[in-house]
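> Sequence first, then the predicted structure:
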Amino acid sequence: MTEPLLAARGLRKSFGAVAATDGVDLEVFEGETHAIIGPNGAGKTTLISQLSGRLRPDLGRIVFTGEDVTALPEPARARRGLARSFQVTSIYREFTALDNVALAVQAHAGHSFRFWRDARAERELREPALAVLEEVGLGDRADVIAANLAHGEQRQLEIAMALATRPRLLLLDEPVAGMGVEESQRMVKFLATLKGRMTMILVEHDMDAVFTLADRISVLVYGRVIATGRPEDIRANPEVRAAYLGEDEAC
Amino acid sequence: MRLAPRTLALVALLALLAAVPPVAAALGQPFYLDLFRRIMIFAIAASSLNLILGYGGMVSFGHAAYLGVGAYAVGVLAHHGLTNGFLQWGLAVGASALVALVIGAVSIRTSGIYFIMITLAFTQMLYYLGVSVEEYGGDDGMRVKTLSQFPGLLDLADPAAFYYLVLGLLVLVLWFTGRLVRSRFGMVIRAAKSNEARTRAIGLSPYPYRLVAFVIAGATCGLAGALLVNHTAYLTPEFMNWTRSGELMFMVILGGTATLAGPLFGAAALLLLEDLLQGWSLLPQWVRDYWQLYLGVILVLVVLFARRGLAGLLPGGRDGDD
């Protein structure tokens, strides 16, 4: 069996007396779309934040592309190819969409101690940025100030920023949260185009999105992974049904 | 090239400043030369603060420290008979950069109210150092008998020559700042101000960029300090008083943060108002006697009704950042 692209072992993170993740093991392989589902408060965002480096786990280790990254701060992990989107849209609101993505391209291009040339006139930043915007379907919105984009467009922009850093692994924290039906269908369709060529960890409440996109699913309940497997196995798993899916007949 | 109204206003103001010496001479009012030179020196200092406060989101409440370090570098060397301008100003800029490096290295690890308090505390420390060193006049300060010497190049004792030097340096600082904030480096500090979490998530650690911006701002303000002590020909720890830091902050906010023109607009507005309210003979005595009160009222009104400062009243350029 091949080495996983990302392997987390025994991740534990407590906030006071509450263990938000309580010994999480997770393996994600190159090219797979791995969904993480679980009820509210199961520790999904805490898990994503530990993987991205925003939070430091109390216990456990994280290996990414064969390197132990547990102690690496978030920017260093991002430069190694871990990109994320946030549950609450996180963009540069007062910059244009193109500026937003160009900053991500710039971050990936290495250090930014260049003091003289106009960054907005640099073709090596603008052209790749525009290409990514076009890829996510925002090509004609490049010059719009990000704050003035529709909610769905802002979510797309955030994914464009993550893609612009040329990641090895994309951490998506509820990419369709707060979207209307149409917007969310468009987003799922777009993510489906990334499937296979991009490794993704997808945290999502929208079960249509999860079962459309995921190759494998891990179910997180009270900070523990209670099951990992293919979508049909997860659907059939009695423990999962009891803990989570069973509560909602629609699933 | 089409210039935005805000940029045009900046260019027009600089052109007006260039016309001050001949006009003041024609009117026989050398006082105006002095006033506008002072305005430009403070515009340089405020501009340096704007780089970190406006563009970088680092609310430094201790920027007068560098005004003081720059002034002391010149004054102390002069006191010991070293009057070469290049040496003095070089030390002013170098020492300010070093002090900014130390203060920045500690304070940039904090944010919000802690950042404000730490920068203030460092500056108070330097202020009390200045007050306590009797050799250099203690809290009375001391006269600087010989201005910085630039033999064969320029004589600062010639008011017009000094004036145009300050104007030239102001234009340089504005030009440099304009380039800086549009460069990759500038985009990073502005991005870190806009959304730090996002900046870290795309792979940029804000700290080193903020620290370098802090050092550039300190060094530039140190130059303003060297100019200021030559302007007053008097060295005093009052240059580092916390109220001075507040004034610089006010100039930036009044003029419009994160705009190129803002600090100059703010410095001009604040110092001209101060001067008018104190000295304009058409104003009734009861206004002139309590001028600070009326200045306060005017400032409150400006901040209330021009939220984005004076520069914000005029449309900016394409990216809205000049």
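Alright, I've got the coordinates. Please read all numbers here as calculations on a predicted model, not as lab measurements.

> interface residues of the stretch 51-200 of chain B facing chain A?
B:179-180, B:182-188, B:190-191, B:194-195, B:197-200 (CB under 8 Å from any CB of the partner chain). Any C-beta I mention is one placed from the backbone N, CA and C, and that applies to glycine too.

> Of all residues in chain B, which one is nearest the centre?
Residue closest to the average C-alpha location in chain B (CA atoms, centre = their mean): B:A45, at 1.3 Å.

> For that one, give me its contacts.
Neighbouring residues of B:A45 by CB atoms under 8 Å, 6 or more residues apart in numbering or on different chains: B:H63, B:Y66, B:L67, B:T220, B:C221, B:A224, B:G225, B:L228, B:L248, B:A267.

> In this structure the fifth one contacts B:L67, no?
The one in question is B:C221. Yes. Contact criterion CB atoms under 8 Å: B:C221 and B:L67 qualify, at 5.8 Å.

> Tell me where the stretch 51-200 of chain B has strands.
Secondary structure of the stretch 51-200 of chain B (DSSP state E, counting those that start in this stretch): strands at B:142-143, B:149-150, B:154-155.

> er, the stretch 201-322 of chain B I mean
Here the stretch 201-322 of chain B has its strands, by DSSP E, counting those that start in this stretch, at B:234-235.

> Break down it into its helices, ranges please.
Listed in chain order, the helices found in the stretch 201-322 of chain B under DSSP state H, counting those that start in this stretch are B:206-232, B:242-255, B:262-279, B:285-289, B:291-305.

> circling back: for the strands of the stretch 51-200 of chain B, give me CSV that also has mean pLDDT, mean neighbour count and distance to A:T70.
Below are those laid out as CSV (pLDDT from 0 to 100; neighbours: other CB atoms under 10 Å in any protein chain shown; distance: least, CB to CB, whole Å):
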stretch, mean pLDDT, mean neighbour count, distance to A:T70
strand B:142-143, 96, 14, 58
strand B:149-150, 96, 18, 58
strand B:154-155, 94, 14, 60
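
> how about a markdown table for those, with distance to A:Q106 added?
A markdown table is the format used below for the strands of the stretch 51-200 of chain B (distance: least, CB to CB, whole Å):
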| stretch | distance to A:Q106 |
| --- | --- |
| strand B:142-143 | 49 |
| strand B:149-150 | 41 |
| strand B:154-155 | 41 |
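
> near chain B, which residues of the stretch 1-150 of chain A?
That would be A:52, A:54, A:73-76, A:78-79, A:83-84, A:86, A:90-96, A:99, A:102-104, A:106-108, A:112-120, A:122, A:125, which are the residues of the stretch 1-150 of chain A within reach of chain B (CB under 8 Å from any CB).

> Buried members of those residues into PyMOL, please.
Filtering these down to the buried ones (16 or more other CB atoms under 10 Å in any protein chain shown) takes a single PyMOL command:
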select buried, chain A and resi 52+54+74+75+78+79+83+84+86+90+91+92+93+94+95+96+99+102+103+104+106+107+108+112+119+120+122+125
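
> if you skip the residues just before and after it, what's nearest to the residue in chain A that chain B sits nearest to?
Among all residues of chain A, A:A78 sits closest to chain B, at 3.4 Å; criterion: CB to the nearest CB. In this structure, A:A78 finds its nearest non-sequential neighbour in B:G203, 3.4 Å apart by CB to CB, 6 or more residues apart in numbering or on different chains.

> can you check B:F250 too?
Once flanking residues are discounted, B:F250 sits nearest to B:L270: 6.3 Å by CB to CB, 6+ apart.

> contacting residues around the one you found?
B:L270 makes contact with B:E247, B:F250, B:M251, B:L254, B:L299 under the criterion CB under 8 Å, 6+ apart.

> burial measure for residue 234, as a count.
In the absence of a named chain, this looks at chain A. A count of nearby residues for A:I234, using other CB atoms under 10 Å in any protein chain shown, gives 24.

> Correction: the question concerned chain B.
B:Y234: 18 neighbours (other CB under 10 Å).

> Then B:P206?
Residues within reach of B:P206, counting by other CB under 10 Å, total 20.

> Which residue, other than its chain neighbours, is closest to it?
Using CB to CB, 6+ apart and skipping residues adjacent in sequence, the residue nearest B:P206 is B:A192, 3.7 Å away.

> For burial, what's the neighbour tally of residue 88?
Using chain A. 10.

> not what I meant, chain B
Neighbourhood size, B:Q88 [other CB under 10 Å]: 25.

> Enumerate every residue touching the closest residue to it other than its chain neighbours.
Among residues not flanking B:Q88 along the chain, B:V74 sits closest, at 4.5 Å (CB to CB, 6+ apart). Taking CB under 8 Å, 6+ apart, we find B:V74 in contact with B:Q88, B:W89, B:L91, B:A92, B:V144, B:S148, B:G225, B:A226, B:V229, B:N230, B:L235.

> Present those as JSON lines; the columns should include distance to B:L211.
Output for the contacts of B:V74, formatted as JSON lines (distance: CB to CB, whole Å):
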{"residue": "B:Q88", "distance to B:L211": "26"}
{"residue": "B:W89", "distance to B:L211": "23"}
{"residue": "B:L91", "distance to B:L211": "22"}
{"residue": "B:A92", "distance to B:L211": "20"}
{"residue": "B:V144", "distance to B:L211": "32"}
{"residue": "B:S148", "distance to B:L211": "29"}
{"residue": "B:G225", "distance to B:L211": "21"}
{"residue": "B:A226", "distance to B:L211": "23"}
{"residue": "B:V229", "distance to B:L211": "27"}
{"residue": "B:N230", "distance to B:L211": "29"}
{"residue": "B:L235", "distance to B:L211": "29"}
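
> so which of the residues you listed is the most crowded?
Sorting those by how many neighbours each has (other CB under 10 Å) puts B:G225 first, at 32 neighbours.

> Next one: that one from B:G70, what distance?
Plainly put, B:G225 is 2 Å away from B:G70 if you go by CB to CB, to the nearest Å.

> any common contacting residues for those two?
Shared contacts of B:G225 and B:G70 (CB under 8 Å, 6+ apart): B:A92, B:S96.

> so where is the stretch 1-150 of chain A shaky, pLDDT-wise?
For the stretch 1-150 of chain A, applying pLDDT under 70 flags the ranges A:1.

> can you give me the helices for it?
Secondary structure of the stretch 1-150 of chain A (DSSP H, counting those that start in this stretch): helices at A:44-52, A:74-79, A:97-108, A:123-135.

> Out of those helices, flag the one nearest B:A306.
helix A:97-108 (26.1 Å; CB to CB).

> Any chance you could list what contacts the closest one?
In contact with helix A:97-108 (CB under 8 Å, 6+ apart) are residues A:78-79, A:91-92, A:95, A:112, A:119-120, A:125-126, A:128-130, A:132-133, A:138, A:141-144, A:146, A:149, A:153, A:157, A:160-162, A:164-166, B:184, B:187-188, B:191, B:199, B:202-204, B:319.

> How about the residues of the stretch 151-251 of chain A by chain B?
For the stretch 151-251 of chain A, the contact set with chain B under CB under 8 Å from any CB comprises A:M161, A:A162, A:A164, A:T165.

> Mind giving me the packing neighbours of the host helix or strand of the second one?
Taking DSSP states H and E as the criterion, A:A162 maps to helix A:151-164. Other elements packing on helix A:151-164 under the criterion 3 or more CB pairs under 8 Å, 6 or more residues apart in numbering or on different chains; DSSP states H and E are strand A:82-85, helix A:97-108, helix A:123-135, strand A:169-173, helix A:181-194.

> Would you pull up the residue in the stretch 101-250 of chain B closest to chain A?
Residue of the stretch 101-250 of chain B nearest chain A, by CB to the nearest CB: B:G203 (3.4 Å).

> ok, now which ones touch that residue?
Applying CB under 8 Å, 6+ apart, we find B:G203 in contact with A:P75, A:A76, A:A78, A:R79, A:A107, A:H108, A:T165.

> circling back to that earlier point, would TSV of the contacts of B:L270 with neighbour count be doable?
As requested, these are exported to TSV (neighbours: other CB atoms under 10 Å in any protein chain shown):
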residue	neighbour count
B:E247	21
B:F250	17
B:M251	28
B:L254	26
B:L299	16
